[in-house]
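Novice: All I have is the shape, not the residue letters:
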């Protein structure tokens with residue numbers, strides 16, 4: 001499953017930090033956003049990845065990172081690549 005195709009740049013960043021075991025507070029500091037904003041991104045990740053708890057979401061992030069099935073790329077990066085190929 002190519003998870004990163006579904007995510008925005010910010011969701012990708014949050015997903016990446018979750019894989020590293022970062023807390024909401026730590027992610028907010030790293031991204032220079034509020035904790036509420038991070039929680040919103042986490043909620044969107046749950047919706048897109050059909051997970052039902054932070055532990056399940058973190059597990060998905062870690063498994064994705066371990067498998068290295070797809071480099072961490074946002075939807076915008078993929079669209080930029082497509083535009084460059086035209």
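Specialist: Yep, it's here. Predicted model, so just to flag it, every value in this text is computed and none were measured.
Novice: For the rest of this, base every contact and every neighbour count on C-alpha atoms.
Specialist: Fine.
Novice: Excluding covalently adjacent residues, which one is nearest to residue 15?
Specialist: Counting by C-alpha to C-alpha, 6 or more residues apart in numbering, the nearest residue to residue 15 once its immediate chain neighbours are dropped is residue 61, at 6.1 Å.
Novice: Is that neighbour part of a helix or strand, or is it coil?
Specialist: Counting by DSSP: H, G, I helix; E, B strand; the rest coil, the backbone at residue 61 sits in helix.
Novice: tally of neighbours for it?
Specialist: 22 (other C-alpha atoms under 10 Å).
Novice: ok, it touching residue 16?
Specialist: Yes - applying C-alpha atoms under 8 Å as the test, residue 61 and residue 16 come out as touching, 6.9 Å apart.
Novice: circling back: how near is the residue nearest to residue 15 to residue 14?
Specialist: With distances taken as C-alpha to C-alpha, to the nearest Å, residue 61 is found 10 Å from residue 14.
Novice: try residue 55
Specialist: For residue 55, the distance to residue 14 (C-alpha to C-alpha) stands at 14 Å.
Novice: which one of those two has more residues nearby?
Specialist: The neighbour count for residue 55 versus residue 14, taken as other C-alpha under 10 Å, is higher for residue 14 (24 against 11).
Novice: Tell me the pLDDT of the more buried one.
Specialist: Residue 14 carries a pLDDT value of 94.
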